[in-house]
Structure formats: C-alpha cells, structure tokens
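Trainee: Sequence and predicted structure are below.
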Number of protein chains: 2
Amino acid sequence: MEQLFIIKIGGNVIDDKKNLSVFLKNFAAIPGKKILIHGGGKIATKIGDQLGIESKYIEGRRITDEATIDLVTMVYGGLVNKKIVAKLQALQCNAIGLTGADANIIPATKRPVTKEGVDFGFVGDVESLKLKVESLEVLLKAGFSLVLAPLTHDGKGQILNTNADTIASAIAVALSKLYDVRLIYCFEKKGVLENVNDENSAIPLITKEIYQQLKKENKLFDGILPKIDNAFAAIDSGVKEVLIGHAEDLLQNVTQETTGTLIKGS
Amino acid sequence: MEQLFIIKIGGNVIDDKKNLSVFLKNFAAIPGKKILIHGGGKIATKIGDQLGIESKYIEGRRITDEATIDLVTMVYGGLVNKKIVAKLQALQCNAIGLTGADANIIPATKRPVTKEGVDFGFVGDVESLKLKVESLEVLLKAGFSLVLAPLTHDGKGQILNTNADTIASAIAVALSKLYDVRLIYCFEKKGVLENVNDENSAIPLITKEIYQQLKKENKLFDGILPKIDNAFAAIDSGVKEVLIGHAEDLLQNVTQETTGTLIKGS
C-alpha cells in the first residue's frame, strides 16, 4: 500500500512564526500523500479576549458556547487554516484547507450533557464509522495535501469544536484501510522521555512489550500515558505506526530514520 | 455541454437569516453542478468594530491593511463560509468551502499602488489566465458543490481580498470552456428595472441590440450599467448567459423560466 503521512501540530508550532515556517517547509518537502491537522493555538484566546468572549472551563475542559463556536470557526477554520494553506501554496505544496463540514468529511454528534449536568456546549464527538473516506480519497488522489481545522459538524447545520488529536487519530484509522498510515503527533517534547528531566532521553521505539516493561519499571511520567494508549488504540485499529516528538526533529528526513519515539504494535 | 450554475450572493442575502435560509434551500435544490460565491456582509464590519479595526476608505473603496486582511480571512473564509457549508450539508448538498488559495484555485496579484499614490493594501486582482480550472473540474466531477469566499492569494503566501463579483465572473469565464455556464448575480433588486421606481418593471431579456436601444432611450439608471457591461464582457468571453435579480425570485425554478433579467449575446 502507498504511504500516507498524517501529522498533527498544536500551539507550540502554530503560535511561533519561526517554528511554523520551519514546520511548513518540512511538511511541503514530504513526498507523496499527506494530511495536516492543526489545533487552534493561543490566537483564538487572544481574539476571544478582544471580542469579550470569556473562556469558560469546567474541570479543566473548555466550554464551547455559541460565541465560542463562532470564534473558533473564524479563527481555526478561517485565519489559521487559510494562512497555512497560502503558505504551503507558496512552497509548491498544493494544499486545500477543510473543516469536518466540508465534503462532509467528519460527521460528529454534539456531546450530550453529562450525568452530573455538565454541558460542554458545541463540542463534537467524531462519528468514526461515518467518516467520509471516499471524499478524503478523491481529494488525496487529485494530488491535494489536506489541511484540516479541528472542527466537525452535526449534519443538521451546526459546526462543532473537536479535539485535533482525536481527529488525527480517527482520520488515520479510517484511511489505514487504503494506505500505510504513519500518524505523527508533534508536541513540545522530543518524544517519550525515559528521564523527564532530560530532553535528550527520548525512547526511540516503543512496542507493546517494551511499553509493559516501561510501565512495570515506573519509568514513564503519567502525562504521557494517555498519548501512548491512544497511539496503541490507533495501531490496533489499523494504523501502521505512530511517531511522537518535536516538530522540528520529526519532519527532518521524515521518510527515513527519524528522531522522536516510534510506536509500533510489535 | 453540461450545465453549470455559478451564483453570487452578497450582503442582502448573507446578513438576513431568513433570506439566507431560503436561498440555501433553493441552491441545494438545483440539480447538477453548481458554485456559490459569497461576499462578506455586514458581519465583518461588526466584528472589525469590536476588534477596534477601523474601516478605511479611499474614494469609496475599502483599504485592506494587515489587520483587515486577517479580519476578512477569519470572517469570510471561516465564519461565513463554513456556516454556509454546514447548512448546505444539512440540506444534503455536498458542499466544500474554499478560498482562492485552496487548491490554488484563484491566483492573484496584489494591486499596485496607483499613480496618485493610493495603496489599496492587500487587495488581489485575479490572474484570469492562471485560474486552476483542473482543480475546479476535479472537485466538480467528484460531485462537490463549491462555496467560494471572496479571497485570493498571491502565490507567495499572502491572502488577498478580492471582489466577489469579479471572482464569479472570472470563474464563469474560465469554466465556460467545459460547461454551459449560467452566471447568476443576486442583488437587492428584481432585475434590470425599466422604471427605477417600480420594483416590478424588470426587463426579462437584454441582448446587445436591446441594450443599445435601452441606452439610446436613456431608460436605464446609471448604477446598473457597469453590471450589464460586466455581464456582456463575460458573455463575450464564453459564458452562455447571465441572470441578474433578486435571490428569492431567481432561484425558484432556476432551471426553468425565471424572473429577473436574463442577459444573452443575441
């Protein structure tokens, strides 16, 4: 099967002009098929503040009220997404910027109010089985590099806010039937660190066996465990491999040996 | 050749929830291939005011400074565009929302400073000959209905602000080689009126002969002349026919006999 790169970037890349510029250069240089999923970065909070839209949180999770969904639709779907697209075009990368509503790529359902009565608002949980693989496929086949904003829709006319990591993983799983998918999560560290205090202690390879061993030895810090669990969940659903690490390192020679932590089933 | 509808809507449709809803229902019901080009509406000015972005004009034309291009990228490319897409999806119309940067559809050049020293800022003049007809064609063939925001790009990473009427006409001309294009301009009147004071005096058909006659008789008000001239320019470049009128009337039975003013070469 043909290889497909699915790369997620967050605030530490988006918010830093130089980081973003280096990243996009490396992204544009990846040969073949690729999808970029971006988060929103701090710019949404900044513009929200200027517009007097209060950021509301419950248990550390952002509440997406009506003003906030309009805000993120503007900022993620417009400002961040289209600036990335224009910059990729300048690098001869034929990018096309989309939300989950476009071409009905990512149908979602509005998260129900919890038993405790917490209403997260216009937050969408991806309907993984309804992902429009044919639409993604027709766009990839046409030679476009897809740039996805972290927005989905409910099929009834409402845009929804959805976690970019979740979108990356759902898309990766859905496309793993057609491609050898390498799913890459760029974050602020150089990978899964053996020693939290040593940035250069990234573990190069984690298989399920190695993961069990590392957990037994209590070597991993708690914050990284969900990321690894999510990676294995994606792998169990068909994704070939997951790479976690710092954007700058990861995409240099992304097709060959890479730094960062490679997570594979075995 | 297959028929293609290219429809431009402006503020009077976008800014009115009910008008927009009726329009989108009619648009979704058009069978076959179609492209919607939307302007920005008043919402950009409103959000700009809230963000403290001053609207600057020279000789009645808006200046697009850096803050303004970010504003319209957010509002036109994000908020307005994606809301329309989500609503069309709810109407079973497989819409995909794009700017001119996406898939490199509409390359443009930043308008040069005038001899008088007027700098319009980040305003793009469409490079008609470089329009990416293949990209539009692959998307139309895949069954997507395209929703275009009035934004272009300079190929060097910069988004540019471009008049929606101009985009509609440029796209119509470029696609007239592949389709029988009916270009539809929705505006606040029911068509080209024979009597400016009578909303129901729309002239049903204007050919070049009829146009000469109407001008000779001084029957048309000055404001409409550029619209008619632009329509004939598009027709001379290959567009089959141009329809001008009120959104609500125009799209009812759009494929059959329509109200409004139909402009044809002969």
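Mentor: Here it is on my side, so go on.

Trainee: can you list the residues of the stretch 1-150 of chain A near chain B?
Mentor: A:47, A:50-52, A:70, A:73-79, A:81-83, A:85-87, A:89-90, A:94-99, A:101-104, A:135, A:138-139, A:142, A:144 (C-beta under 8 Å from any C-beta of the partner chain). Any C-beta I mention is one placed from the backbone N, CA and C, and that applies to glycine too.

Trainee: For the buried ones among those residues, write the corresponding ChimeraX selection.
Mentor: Buried members of these, defined by 16 or more other C-beta atoms under 10 Å in any protein chain shown, are picked up in ChimeraX with:
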select /A:47,70,73,74,75,76,77,78,79,81,82,83,85,86,87,89,90,94,95,96,97,98,99,101,102,103,104,135,138,139,142,144
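
Trainee: Out of the residues of the stretch 1-150 of chain A next to chain B, which sit inside helices?
Mentor: A:47, A:50, A:70, A:73-74, A:81-83, A:85-87, A:89-90, A:135, A:138-139 (DSSP state H).

Trainee: shouldn't A:Lys264 be in contact with A:Pro204?
Mentor: No: using C-beta atoms under 8 Å, A:Lys264 is not in contact with A:Pro204; the gap is 11.0 Å.

Trainee: Pick out the residue in the stretch 101-250 of chain A sitting closest to chain B.
Mentor: A:Gly157 (3.8 Å; C-beta to the nearest C-beta).

Trainee: Show the pLDDT at that residue.
Mentor: pLDDT for A:Gly157: 98.

Trainee: what do you get for the one 5 residues further on?
Mentor: The predicted structure scores A:Thr162 at 95 on the pLDDT scale.

Trainee: Are we agreed that A:Asn12 is in a helix?
Mentor: Yes: when DSSP: H, G, I helix; E, B strand; the rest coil is applied, A:Asn12 is found to be in a helix.

Trainee: That one: neighbouring residues, count only.
Mentor: Using other C-beta atoms under 10 Å in any protein chain shown, A:Asn12 has 18 neighbouring residues.

Trainee: ok and the residue in chain A nearest chain B?
Mentor: Closest point on chain A to chain B, by C-beta to the nearest C-beta, is A:Gly78, at 2.1 Å.

Trainee: So that residue is in contact with B:Tyr76, correct?
Mentor: Yes: counting by C-beta under 8 Å, A:Gly78 does reach B:Tyr76; the two are 7.4 Å apart.

Trainee: circling back: could you report the distance from the residue of chain A closest to chain B to A:Gly238?
Mentor: Applying C-beta to C-beta, to the nearest Å, the value for A:Gly78 to A:Gly238 is 33 Å.

Trainee: and the worst-scoring helix or strand of chain A on mean pLDDT, what does it pack onto?
Mentor: Lowest by mean pLDDT, DSSP states H and E among the helices and strands of chain A is helix A:247-250, with a mean of 73. Under the contact definition 3 or more C-beta pairs under 8 Å, 6 or more residues apart in numbering or on different chains; DSSP states H and E, helix A:247-250 sits against helix A:17-29, strand A:180-187.

Trainee: Please enumerate residues in contact with the shortest one?
Mentor: Under the contact criterion C-beta atoms under 8 Å, 6 or more residues apart in numbering or on different chains, strand A:180-187 has outside partners A:1-10, A:12-13, A:23, A:165, A:168-169, A:172, A:175, A:227, A:231, A:234, A:238-247, A:250-251, A:254.
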